[in-house]
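K.L.:
here is my input; please provide its structure:
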Amino acid sequence: MNKVKQLKQVNDADFFTVDEAATELGIKTTAIRNYLYDEKLTTYKFKTLTLVSKEEVEAWKKRQK
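P.N.:
As a prediction, this is how the structure comes out:
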């Protein structure tokens, strides 16, 4: 199972929701959830939200080009 980092507070400038990350990468939310499960992206949890680091998403975008 994937590693999950629990957050006590969140800066919106640093994270995407799963839906936002999928939109940013032009893929389906299912693909993002699979990447999280497979530990290709770090899972961050804040309360009930699952978040993805914007930094990781941007790095992923660069690798896609």
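
K.L.:
contacts, neighbours, all on C-alpha from now
P.N.:
Will do.

K.L.:
pLDDT value on the residue of the chain most remote from its centre, please?
P.N.:
Going by C-alpha atoms, centre = their mean, the residue of the chain most distant from its centre is Lys65, 18.8 Å out. Note on Lys65: pLDDT of 71.

K.L.:
Met1 too?
P.N.:
So, for Met1, pLDDT stands at 48.

K.L.:
repeat that for Val4.
P.N.:
On the pLDDT scale, Val4 gets 86.

K.L.:
contact partners for it?
P.N.:
The neighbours of Val4, taking C-alpha atoms under 8 Å, 6 or more residues apart in numbering as the test, are Thr42, Thr43, Tyr44, Lys45.

K.L.:
kindly reformat those as a markdown table containing secondary structure and pLDDT.
P.N.:
Output for the contacts of Val4, formatted as a markdown table (DSSP: H, G, I helix; E, B strand; the rest coil; pLDDT from 0 to 100):
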| residue | secondary structure | pLDDT |
| --- | --- | --- |
| Thr42 | coil | 91 |
| Thr43 | strand | 93 |
| Tyr44 | strand | 95 |
| Lys45 | strand | 95 |
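
K.L.:
which residues sit against the longest helix seen in the chain?
P.N.:
Counting residues, the longest helix in the chain under DSSP state H turns out to be helix 54-64. Contact with helix 54-64 is made by Ala13, Asp14, Phe15, Phe16, Ala21, Glu24, Leu25, Leu41, as judged by C-alpha under 8 Å, 6+ apart.

K.L.:
which secondary structure state does the residue nearest the centre of the chain sit in?
P.N.:
Centrality entry for the chain: nearest residue to the mean C-alpha point is Val52, 2.2 Å, by C-alpha atoms, centre = their mean. At Val52 the chain is in strand, as set by DSSP: H, G, I helix; E, B strand; the rest coil.
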